[in-house]
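Q: I'd like to go over a predicted model; first the sequence, then the structure.
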Amino acid sequence: MSLSAVGCAADLDLSERVDLRDFGSFADKWRAEQVFLPEDIDRNGRVDWLDLKDFAQDWLWEPPQ
């Protein structure tokens, strides 16, 4: 839950890519309302369509080589 710009917020399993495993974790928390959830990508206290939008923008992200 760092505010650092390093990495990618949608890389929930810290595998250095955003893939189906990250989406599975995201889907498990869909509509959750709780602070400090990694799946709450926009950090507003709930996992909703705004987080899904941000997640989709990072889909298949990999760090620069």
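A: Perfect, I can see it now.

Q: show me what contacts the closest residue to Pro38 other than its chain neighbours?
A: For Pro38, ignoring the flanking residues on the chain, the nearest one in space by C-beta to C-beta, 6 or more residues apart in numbering is Leu12 at 5.3 Å. Every residue, glycine included, has its C-beta placed from N, CA and C. Shown in contact with Leu12 (C-beta atoms under 8 Å, 6 or more residues apart in numbering): Arg21, Asp22, Ser25, Phe26, Pro38, Glu39.

Q: What are the boundaries of the helices in the chain?
A: Counting by DSSP state H, the chain has helices at residues 20-28, 49-57.

Q: Out of the contacts of Leu12, give me the one that has the most neighbours.
A: Asp22 (23 neighbours; other C-beta atoms under 10 Å).

Q: Contacts only, for the residue lying closest to Ala10 once chain neighbours are set aside.
A: Leaving aside its sequence neighbours, Ala10 sits nearest to Asp58 (C-beta to C-beta, 6+ apart; 3.8 Å). Listed by C-beta under 8 Å, 6+ apart, the contact partners of Asp58 are Cys8, Ala9, Ala10, Asp11, Val18.

Q: Run a quick neighbour tally on the closest residue to Leu50 other than its chain neighbours.
A: If the residues on either side of it in the chain are set aside, Leu50 comes closest to Asp42, at 5.3 Å by C-beta to C-beta, 6+ apart. When neighbours are counted by other C-beta under 10 Å, Asp42 registers 14.

Q: Next one: the residue nearest the centre of the chain relative to Asp40, how far apart?
A: For the chain, Ala10 is the residue whose C-alpha lies nearest the centre (C-alpha atoms, centre = their mean; 2.8 Å). Separation of Ala10 from Asp40 (C-beta to C-beta, to the nearest Å): 11 Å.
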